[in-house]
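Undergrad: With the input below, show me the fold.
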Amino acid sequence: MAIQKKEVVLQPLLLSIPEVAESLRLSRAKVYRLIYYEGLPVVHFGRSARVSVSSLRAWLAQREKSA
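TA: Predicted coordinates for the structure are as follows:
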């Protein structure tokens, strides 16, 4: 009898700017403009900026309602 291993795939809590750009199908520069001019929420760790997955979803939902 073979023992099967279950693999658990963890979703990241925070995304890097390139990951956000890829998921939104935008350029990195556009993501930075969304941060500075449109209020896309970020978390800073020193010079590194990360975007929370839940904050990104909430921000997108809010923009959909106002559009």
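Undergrad: give me every residue that touches the residue lying closest to L14 once chain neighbours are set aside.
TA: Leaving aside its chain neighbours, L14 sits nearest to R50 (3.8 Å; criterion: Cβ to Cβ, 6 or more residues apart in numbering). Bear in mind the C-beta positions are built from the backbone N, C-alpha and C, glycine included. Neighbouring residues of R50 by Cβ atoms under 8 Å, 6 or more residues apart in numbering: 14-16, 42-44.
Undergrad: Quick check: neighbours of the strand or helix carrying R50 in the sheet, parallel or antiparallel?
TA: Using DSSP states H and E, R50 sits in strand 48-52. Partner strands and pairing direction for strand 48-52 (DSSP bridges) are strand 14-16 (antiparallel), strand 43-45 (antiparallel).
Undergrad: Turn those strands into a markdown table, columns for distance to Y37.
TA: What follows is the strands paired with strand 48-52, written out as a markdown table (distance: least, Cβ to Cβ, whole Å):
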| stretch | distance to Y37 |
| --- | --- |
| strand 14-16 | 19 |
| strand 43-45 | 17 |
